[in-house]
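Trainee: Structural data only, the sequence is not supplied:
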């Protein structure tokens with residue numbers, strides 16, 4: 001046993017794998033079957049999910065390759081080495097703003113889902129506020145604590161999804177999945193675009209790289225972490241179509257939630273399995289929001305060279321985050337808000353790391369420069 005694996009200021013390979021997986025597995029599991037079914041209109045959506053997932057895994061590998069060249073350094077630090085400090089400051093500020101918007105979206109989504117399935121008489125504003133208070137409490141401590149929490153949450157999340165699938169095997173009808181391989185490539189590619197949106201989140205490694213104690217296997221464990229949500233997305237999509245059919249999947253707001261409603265556990269131990277399912281899923285979204293908020297704080301702190309205390313950032317950013325989160329007036333506006341954040345995410349998680357890696361390789365910049 002290596003003692004540094006449990007040091008307060010460092011995390012190991014397991015935290016990287018589970019942290020990436022938990023960040024990606026979030027709201028997408030609830031909505032991906034609907035968005036992909038709307039694009040492909042058939043079970044061929046599994047091709048879209050596979051294609052989109054492989055594309056994102058490639059770029060996740062690129063990002064992991066970039067950070068592995070600069071052990072213990074964050075985005076601001078290694079961008080300063082690759083290009084220059086002014087450009088690094090601008091990119092870091094934009095990245096911090098993107099992650100802050102990501103937190104806003106996660107908070108609003110949690111509030112909407114909780115009101116729909118758990119607290120139907122509680123105002124959305126109250127649910128969002130309470131959830132945000134818990135998130136603030138989480139990010140008030142060390143970043144490594146948040147990463148280690150994923151080790152606790154991930155087995156529970158995987159268990160509840162697999163239980164959901166197993167309990168719906170009896171409702172699965174093979175005939176509802178037919179016909180196969182009749183969807184055009186334009187529809188397949190449109191479905192892949194929606195899939196890519198659901199795979200964003202691994203860009204947190206641009207700042208969590210500073211806490212990783214072994215960087216030589218970062219690429220391997222990042223790819224493994226991305227493979228987990230890919231397999232889960234494929235499994236959930238196939239079962240949603242197999243149980244409900246494509247037409248129902250296209251017109252249901254949260255198809256995965258409907259799977260949970262169909263579960264019947266003998267003996268009446270859980271009369272409403274969907275409540276258990278969403279309780280666990282709120283925990284997942286809490287973990288995602290906490291990591292996003294934590295990275296936001298780390299990004300702003302790197303710009304100001306830690307001259308401003310963490311709690312000061314929290315104090316000033318929290319009201320702004322809450323106001324932005326509550327700005328969308330309805331589900332349609334919330335969806336548009338999330339779509340624009342996803343486009344930003346593609347830029348920061350795919351194109352920016354690829355560009356930085358190419359420049360670093362051309363200039364031969366590595367490590368301490």
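Mentor: Done, it's in. None of the values given here were measured: they were computed from a predicted structure.
Trainee: just the helices in the stretch 101-250 of the chain please.
Mentor: 124-139, 143-167, 185-198, 205-208, 218-244, 246-251 (DSSP state H, counting those that start in this stretch).
Trainee: Looking at these, which one is packed in the most?
Mentor: Highest mean neighbour count of the helices of the stretch 101-250 of the chain: helix 205-208, a mean of 28 (counted as mean count of other Cβ atoms under 10 Å). In short, each C-beta sits where N, CA and C put it, glycine included.
Trainee: Any buried residues in the helix or strand bottoming out on mean pLDDT in the chain, and which?
Mentor: Lowest on mean pLDDT, DSSP states H and E among the helices and strands of the chain sits helix 255-262, with a mean of 80. Neighbour-count burial for helix 255-262, counted by 16 or more other Cβ atoms under 10 Å, picks out 255, 256, 257, 258, 259, 260.
Trainee: gap between that helix and the chain center?
Mentor: In terms of Cα atoms, centre = their mean, to the nearest Å, the centre of helix 255-262 is found 21 Å from the chain centre.
Trainee: Past it, which element shows up next along the chain?
Mentor: Per DSSP states H and E, the first helix or strand lying C-terminal to helix 255-262 is helix 273-303.
Trainee: could you check the angle helix 143-167 makes with the helix or strand following that next one?
Mentor: Downstream of helix 273-303, the first helix or strand assigned by DSSP H and E is helix 310-325. On the basis of axes from the mean of the first three to the mean of the last three Cα atoms, to 10 degrees, helix 310-325 is oriented at 40 degrees to helix 143-167.
Trainee: From the contact counts, what lies against helix 310-325?
Mentor: Helix 310-325 sits against helix 85-117, helix 124-139, helix 273-303, with contacts defined as 3 or more Cβ pairs under 8 Å, 6 or more residues apart in numbering; DSSP states H and E.
Trainee: quick one: low-confidence parts of the protein?
Mentor: In the predicted model of the chain, residues 1-8, 263-272, 305-306, 368-369 satisfy pLDDT under 70.
Trainee: pretty sure residue 191 is in contact with residue 50, am I right?
Mentor: No. Between residue 191 and residue 50 there is no contact under Cβ atoms under 8 Å: 10.3 Å.
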